[in-house]
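**Q** predicted structure and sequence below. I'll ask about it afterward.
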Amino acid sequence: MPKRNAQQRRSRARAALIESLEGRTLLSSVWENGKESSIAYDSTNDKTWVAYYDAVAKNLKVASRVGSDAWSTPEVIDNNAPGGANNDYGNYVSLTLDNNKKPGVAYYDPWNADLKFAKYNSTTGTFDAAVTVDSYRSTGGYPSLAYAGTGSNAAITYYSFTGKSLRLATLNGSTNTWTVDANPVDTDSDPNDGITEDIGRYSSLKFNPGSGRWSVAYERTGNLAPNAVTGQARYADQTSTSWSKVNVDSTTIGGGYTAMAFNGNDPAFVYYDAYNADLKYARRLLGLWTVTTVSANGSTGLYNSLWFKSGNAQIVTYRKSGTPSVLKFSDASLGLGLLWNSSVLLSGGGSEARAFEKPDGHVNYSFASVTSDPGDPNSTPPKPASTTYTLQLRTDTDAALGSSFTQANTDTSGTFSKRAFFGSATFAGKMWVFGGNTGSADLADMYSSTDGNTWTAVTLTGDAISARSGQTMLVSGSTMYIIGGSNNTDVYASTDGIAWTRQTSSASFLSGLSGYSAVALGGNLYVVGGETSAGLTNAVWKSTDGGVTWSSVTQSFPFSARRGFAATTYNSEIWLAGGITNLNINQAASDLWHSPDGATWYQVTQGTFSARSDLTLNVFDNRLWVIGGVASGTRKNDVYYSTNGMSWTSVLSSAPFAARSNHGALDYNGKLWVLAGVDGQPVTNDVWAAV
């Protein structure tokens, strides 16, 4: 590249925005603070339901989606009384569809220590008021809701905390009344022997198609001392007068996470053996139970789902040890459990997973991303310890997400000219590119595209924008912004990408500033870091009026001064990664920081990907993505993602596009895009897309 201003050579442009994904089933489905979810699928209407506990509001919510349409606004099923304290409602959620495809949800109300139930009303399009099914002391833990073969009769098995027993309540669909059986399904076999048995956690209830009655799998919790109660995986069939119970497996201390399904008239269930930290599978055939170990990888078998496909058992489970993963196990032996094949659905997550399979063969699953931060009471200001939850719904195609890139413009004659250090954004249903540098001159042209192949030159109106490079281009609400670049101190705004208004020409802090990043958060604009004539800076500037006026965010920022780093907004916070932190040796960093307000910053992790500068950090499919960059003069074409900013997965060590820096990356139309940049030729104009 010909000699240019040193600060301009170090500049880069990249997009920092979150674009809602469209036309993709179950992707981009995220609820902040969501946990303890339960999901159900209506194949007749291609409708997915999810019920979950909001860990902050402490209430129960339900949302639904038809096909790939937008998700409904979550409906609060149970909540505090108006003006009341922030009490707890909605733990241990069990969501199931009746035979008319209407959902019902059973759950534990920890504030009142009751078992509750709520049913969807198709006439009103909302859930009827929740009813209390059982309120005898502390009862209703680990509920499992199931509907009978026809009609709307239902039943719930649940754990009585007071009685330490498994109980059953049944719903008469005609009268809409619940009845709790007088006798438990299972309880302490000898209450007078001085040894307390704990029975009924993690039950899984199903309607038995062979008997026309209820069947349930559950656990007896064991302990090694002082009572030496043996943990067991148990199963019970309802009879005309009682229950026929059997101890299927001795698990020493129990474990639970039970999921049951019928293969024809034959029951099977999966469960966690806590003593050995194994996932196990039990199957009854010709009246005999067999038990096999599906996976013995250590802490495998939590949060299980089970169903049968063409006689083969399908299991989704969560492996906690090692690299946490959600695993799909497929039985290739007609449900006998003799031979298991496994594949990873998700690396680096999967707690509280629930799953089902759609008719197209794709497995869809929910899980809670858990982010725990120990805090630092000695920092200034003190950093509090925190745990946050994010509920996500995904599909098994996510495993390959971002791993296959295809060039969208193999014929580049219809593309914008070659460039780097440009601005790019997703806005008004199109991808946009502005300015940059060809290797010898700055540009002032704007292009847009709806497919990445054909790019249309846009004739700009309003206030003229001079040629520039190293500017940032971002979106906040319904407005697109261009900030600075090539020593300019101006800020421009547009509501259509065509007509532009100069918000200010005197943002003096931009004078001589290069290698910075800008993001939008909460309706405010932020400019972070960069390099000035005095050296590197970690200053943060903020505008609350769309770039008209700017003020310094006066805090002592813990992250080191830097240029050529990447920034974006994710989960309602500003995130920044990498960059040059030592100009004397051109030293790049690999650290990652986040801030809720631009003033208080927390370091999340170190060394999640190799050190680099002039990279891109974007949000796509509710994940953070790092693509390319340069370190010690060597450009990169690797790809990483993270679902929480803490643990990172290497998707590609060498993507099919040339290694590059100072490029653009966008989330558009359900795809992750990589645009142009410095590739050593010296610059390029190729456009790549991954799904």
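**A** Cool, the structure landed. Residues are numbered from 1 along each chain as shown.
**Q** residue ranges with poor pLDDT in the stretch 101-250 of the chain?
**A** Along the stretch 101-250 of the chain, segments meeting pLDDT under 70 span 226.
**Q** same thing but 50
**A** For the stretch 101-250 of the chain, applying pLDDT under 50 flags no range at all.
**Q** mind listing the strands for it?
**A** When assigned using DSSP state E, counting those that start in this stretch, the strands of the stretch 101-250 of the chain occupy the ranges 103-109, 114-121, 126-127, 131-134, 139-147, 154-160, 165-172, 177-180, 198-207, 214-221, 231-238, 243-252.
**Q** so what's residue 607 scoring on pLDDT?
**A** Here, the pLDDT recorded for residue 607 equals 54.
**Q** so where's the chain shaky on pLDDT?
**A** Scanning the chain for pLDDT under 50 picks out 1-28, 324.
**Q** and it, what are its domain boundaries?
**A** Here the chain is described, according to automatic domain parsing, as comprising the domains 6-19+407-690, 188-361.
**Q** straight-line length of the last one, end to end?
**A** Using CA to CA, to the nearest Å, the end-to-end distance of domain 188-361 comes to 43 Å.
**Q** looking at the domains of the chain, which is closest to residue 170?
**A** Closest approach to residue 170 among the domains of the chain (CB to CB): domain 188-361, 8.2 Å. Bear in mind the C-beta positions are built from the backbone N, C-alpha and C, glycine included.
**Q** just the terminal-to-terminal distance for stretch 493-500.
**A** 6 Å.
**Q** put together TSV for the strands of the stretch 101-250 of the chain, with distance to residue 62 on each row.
**A** As requested, the strands of the stretch 101-250 of the chain are arranged in TSV below (distance: least, CB to CB, whole Å):
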stretch	distance to residue 62
strand 103-109	7
strand 114-121	8
strand 126-127	7
strand 131-134	16
strand 139-147	13
strand 154-160	17
strand 165-172	18
strand 177-180	20
strand 198-207	20
strand 214-221	25
strand 231-238	29
strand 243-252	32
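**Q** same list (these) but as JSON lines, adding distance to residue 660 and mean neighbour count.
**A** Below are the strands of the stretch 101-250 of the chain laid out as JSON lines (distance: least, CB to CB, whole Å; neighbours: other CB atoms under 10 Å):
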{"stretch": "strand 103-109", "distance to residue 660": "48", "mean neighbour count": "26"}
{"stretch": "strand 114-121", "distance to residue 660": "51", "mean neighbour count": "22"}
{"stretch": "strand 126-127", "distance to residue 660": "51", "mean neighbour count": "17"}
{"stretch": "strand 131-134", "distance to residue 660": "60", "mean neighbour count": "18"}
{"stretch": "strand 139-147", "distance to residue 660": "52", "mean neighbour count": "24"}
{"stretch": "strand 154-160", "distance to residue 660": "57", "mean neighbour count": "26"}
{"stretch": "strand 165-172", "distance to residue 660": "60", "mean neighbour count": "22"}
{"stretch": "strand 177-180", "distance to residue 660": "63", "mean neighbour count": "14"}
{"stretch": "strand 198-207", "distance to residue 660": "51", "mean neighbour count": "24"}
{"stretch": "strand 214-221", "distance to residue 660": "54", "mean neighbour count": "26"}
{"stretch": "strand 231-238", "distance to residue 660": "54", "mean neighbour count": "22"}
{"stretch": "strand 243-252", "distance to residue 660": "54", "mean neighbour count": "16"}
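**Q** what segments of the stretch 1-150 of the chain are helices?
**A** Here the stretch 1-150 of the chain has its helices, by DSSP state H, counting those that start in this stretch, at 6-9.
**Q** quick check, central residue of the chain?
**A** In the chain, the residue lying closest to the centroid (CA atoms, centre = their mean) is residue 392, at 3.9 Å.
**Q** who wins for proximity to residue 318 among the strands of the stretch 101-250 of the chain?
**A** Across those, closest to residue 318 is strand 198-207 (CB to CB), at 13.9 Å.
**Q** elements contacting the closest one?
**A** Contacts defined by 3 or more CB pairs under 8 Å, 6 or more residues apart in numbering; DSSP states H and E place strand 198-207 against strand 139-147, strand 154-160, strand 165-172, strand 214-221, strand 255-263, strand 266-273.
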